[in-house]
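Q: Predicted model, plus sequence, below.
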Amino acid sequence: MTGPMQADVVAQAASAKTISGLADQAQALIGQLQGEVDATQAIWQGGGHAAFAVGSADIHAQLQKGQAAMQEVSFKLGKSGTGYGSTDDQNAASLGSTGL
């Protein structure tokens, strides 16, 4: 049997904020990388140019998926912490007003 769930709501909020900040940094880096890739696209000619464009688009899409996953983790962690803290506060208030 597992024990009761315990969570540090403040730590969860801090983690969510950190992950969100990292996701923002990743998005900025993705933008820089895409700019560099776009700048080098002109050196490719013929079939190499087309292959480079396809590969570049695929890499960009994969990087965007990773950044979106980081944002989703941040959102879910923040929401989870808020929900847990709210539930804990409600339970404490309920137990404190039992009239005993």
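A: The structure has been received and is ready for your questions. Remember, it's a predicted structure, so these values are computed and weren't measured experimentally.

Q: what about the helices in this protein?
A: 9-40, 46-96 (DSSP state H).

Q: now those helices as a markdown table including mean pLDDT and mean neighbour count?
A: Glycine gets a C-beta too; all of them are placed from N, C-alpha and C. Below are the helices of the chain laid out as a markdown table (pLDDT from 0 to 100; neighbours: other Cβ atoms under 10 Å):
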| stretch | mean pLDDT | mean neighbour count |
| --- | --- | --- |
| helix 9-40 | 84 | 14 |
| helix 46-96 | 78 | 13 |
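
Q: Identify the residues contacting the closest residue to L33 other than its chain neighbours.
A: Nearest residue to L33 in three dimensions, chain neighbours excluded: L63, at 7.2 Å (Cβ to Cβ, 6 or more residues apart in numbering). Shown in contact with L63 (Cβ atoms under 8 Å, 6 or more residues apart in numbering): A26, I30, L33.

Q: Which residue, other than its chain neighbours, is closest to F52?
A: W44 (4.5 Å).

Q: mind checking how far K65 is from L77?
A: The spacing between K65 and L77, counted by Cβ to Cβ, to the nearest Å, is 19 Å.

Q: for G31, same thing?
A: 25 Å.

Q: What of Q12?
A: Q12 is 6 Å from L77, by Cβ to Cβ.

Q: Likewise for A13?
A: Taking Cβ to Cβ as the measure, A13 falls 8 Å from L77.

Q: same question, H60
A: 26 Å.

Q: same check, this time on V9
A: 11 Å.

Q: go on, G21?
A: Taken as Cβ to Cβ, the span from G21 to L77 is 13 Å.

Q: do V10 as well
A: V10 is 13 Å from L77, by Cβ to Cβ.

Q: what does A23 give?
A: Taken as Cβ to Cβ, the span from A23 to L77 is 12 Å.

Q: same question, A28
A: Taking Cβ to Cβ, one finds A28 at 21 Å from L77.

Q: L33 too?
A: L33 is 26 Å from L77, by Cβ to Cβ.

Q: now swap in L29 and tell me
A: Distance from L29 to L77, by Cβ to Cβ: 22 Å.
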